[in-house]
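Undergrad: next input, structure requested:
(one chain, ligands or ions: 1)
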Amino acid sequence: MEFTKWQGCGNDFVLIDCRERELADYGAFAKKVSDRHFGIGADGVLVVLDSNRADYRMRIFNTDGSEAEMCGNGIRCFARYLRDHGVTDRDKFTVETGAGILVPEIVRQDGAITGVRVDMGEPVLAADEVPVTGYGSGRAVDVPIEVAGSDWRMTAVSMGNPHCVVFVDDLASVPIERIGHLFETQARFPKKTNTEFVQVLDRTHLRMRVWERGAAITLACGTGSCATLVAAVLTGRSERAADIILDGGTLHNEWAADNHLYMTGPAVEVFSGTVEV
Ligand SMILES: N[C@@H](CCC[C@H](N)C(=O)O)C(=O)O
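TA: Model prediction:
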């Protein structure tokens with residue numbers, strides 16, 4: 001099977017176009033090819049499919065084989081694949097995802113593609129829809145949570161997939177390698193969770209590191225960057241537009257007046273090849 005390898009802010013993906021040929025088990029494929037020693041190496045697998053509700057459909061599988069509802073860095077790579085490989089001749093189109101129908105748009109400067117801007121839809125804040133339990137059905141904003149024997153404060157946001165946003169004073173002192181998995185599997189999150197640890201640099205610059213559900217530490221998380229902005233605005237920490245500075249690059253996000261999140265950032269093809277399935 002032919003594949004292309006992509007990265008957006010260092011969050012990397014194997015992309016396969018399955019419009020002509022579906023695989024029997026995408027989860028098993030993702031587990032196998034994501035392995036950095038025995039496979040191609042990636043944070044997940046993106047699958048291009050036809051849709052009867054939108055122009056295209058994207059599915060995303062984590063390195064552990066689980067399927068996620070959405071992937072922010074992934075949808076930018078997905079959009080550039082469609083444009084660069086001539087699948088579409090349009091710069092703006094609709095993509096069906098597990099988080100609904102989203103709209104990426106190719107960004108150009110003097111004609112050259114510089115990135116992708118995505119209408120990421122509206123954040124979901126109702127606790128039972130994130131889902132997170134134990135905080136009623138209202139919003140879980142700046143609420144206490146116990147993880148790894150310590151008391152933390154977090155804001156729960158769904159961008160189609162669940163996020164737990166934790167603001168800290170000193171990001172460098174947070175042992176994410178040790179505690180990330182304990183946040184992911186905290187019993188209050190019935191579908192597990194992605195966790196963003198965030199240090200506010202100023203009202204338009206937020207430094208974020210992530211532990212991703214089903215994939216562990218990655219260099220960036222697009223949906224997580226949107227959840228971070230929402231949590232920062234709701235807790236009075238930032239303006240409604242900010243740069244989210246990740247280990248692998250920077251995303252510019254805006255929570256606009258229409259309640260939609262708009263995320264802008266890079267998407268780069270790294271190499272292509274053929275893999276046995
Ligand atoms: N890296 C992604 C998110 C991928 C899915 C996530 N691990 C989950 O299980 O929800 C992004 O850029 O949003």
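Undergrad: what about stretch 199-213 and the ligand, touching?
TA: Yes. Where contact is defined by CB under 6 Å from any ligand atom, part of stretch 199-213 touches the ligand, namely 212-213. The way it works is simple: take the backbone N, C-alpha and C, and place the C-beta from them, glycine included.
Undergrad: name the residues of that stretch that come out as buried.
TA: When burial is assessed from 16 or more other CB atoms under 10 Å, stretch 199-213 yields the following buried residues: 199-200, 206-213.
Undergrad: between the two ends of it, how far is it?
TA: Start to finish, the residues bounding stretch 199-213 are 21 Å apart (CA to CA, to the nearest Å).
Undergrad: mean confidence for that stretch?
TA: Per-residue pLDDT values across stretch 199-213 average out to 99.
Undergrad: and what about the residue nearest to K32 when sequence neighbours are not counted, helix, strand or coil?
TA: Nearest residue to K32 in three dimensions, chain neighbours excluded: G39, at 5.5 Å (CB to CB, 6 or more residues apart in numbering). State at G39, reduced to three classes by DSSP: H, G, I helix; E, B strand; the rest coil: coil.
Undergrad: tell me how many other residues crowd G39.
TA: Other residues near G39 come to 16 when the count uses other CB atoms under 10 Å.
Undergrad: that one and A28 touch, don't they?
TA: No. With contact taken as CB atoms under 8 Å, G39 and A28 are classed as non-touching, separated by 11.6 Å.
Undergrad: with distance to C77 and secondary structure added, can I get the buried residues of stretch 199-213 in JSON lines?
TA: Shown next, in JSON lines, are these (distance: CB to CB, whole Å; DSSP: H, G, I helix; E, B strand; the rest coil):
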{"residue": "Q199", "distance to C77": "27", "secondary structure": "strand"}
{"residue": "V200", "distance to C77": "28", "secondary structure": "strand"}
{"residue": "L206", "distance to C77": "23", "secondary structure": "strand"}
{"residue": "R207", "distance to C77": "23", "secondary structure": "strand"}
{"residue": "M208", "distance to C77": "19", "secondary structure": "strand"}
{"residue": "R209", "distance to C77": "21", "secondary structure": "strand"}
{"residue": "V210", "distance to C77": "17", "secondary structure": "strand"}
{"residue": "W211", "distance to C77": "21", "secondary structure": "strand"}
{"residue": "E212", "distance to C77": "16", "secondary structure": "strand"}
{"residue": "R213", "distance to C77": "19", "secondary structure": "coil"}
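Undergrad: tell me which two of those sit farthest apart.
TA: The two members of the buried residues of stretch 199-213 with the most space between them (CB to CB) are V200 and R213, at 23.9 Å.
Undergrad: if I look at the residue nearest to K32, how far off is the ligand?
TA: 17 Å (CB to the nearest ligand atom, to the nearest Å).
Undergrad: now name the helix or strand holding the nearest residue to H205 once chain neighbours are set aside.
TA: Of all residues beyond its chain neighbours, the one nearest H205 is D243 (5.2 Å), with distances taken as CB to CB, 6+ apart. With the criterion set as DSSP states H and E, the secondary-structure element containing D243 is strand 241-246.
Undergrad: the helix or strand following that strand: partners in the sheet, and parallel or antiparallel?
TA: Remark: after strand 241-246, the chain's next helix or strand is strand 249-255, criterion DSSP H and E. According to DSSP bridges, the neighbouring strands of strand 249-255, each with its direction, are strand 241-246 (antiparallel), strand 261-265 (antiparallel).
Undergrad: send the alpha carbons of strand 249-255 over as PDB?
TA: Listed next in PDB are the C-alpha coordinates belonging to strand 249-255 (Å, rounded to 0.1, in the frame of the first residue of the first chain):
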ATOM      1  CA  GLY A 249       6.300  24.600  16.500                       C
ATOM      2  CA  THR A 250       3.700  27.300  17.000                       C
ATOM      3  CA  LEU A 251       0.000  27.400  16.100                       C
ATOM      4  CA  HIS A 252      -2.100  30.500  15.900                       C
ATOM      5  CA  ASN A 253      -5.600  30.100  17.300                       C
ATOM      6  CA  GLU A 254      -8.600  32.300  17.500                       C
ATOM      7  CA  TRP A 255     -11.900  31.700  19.400                       C
END
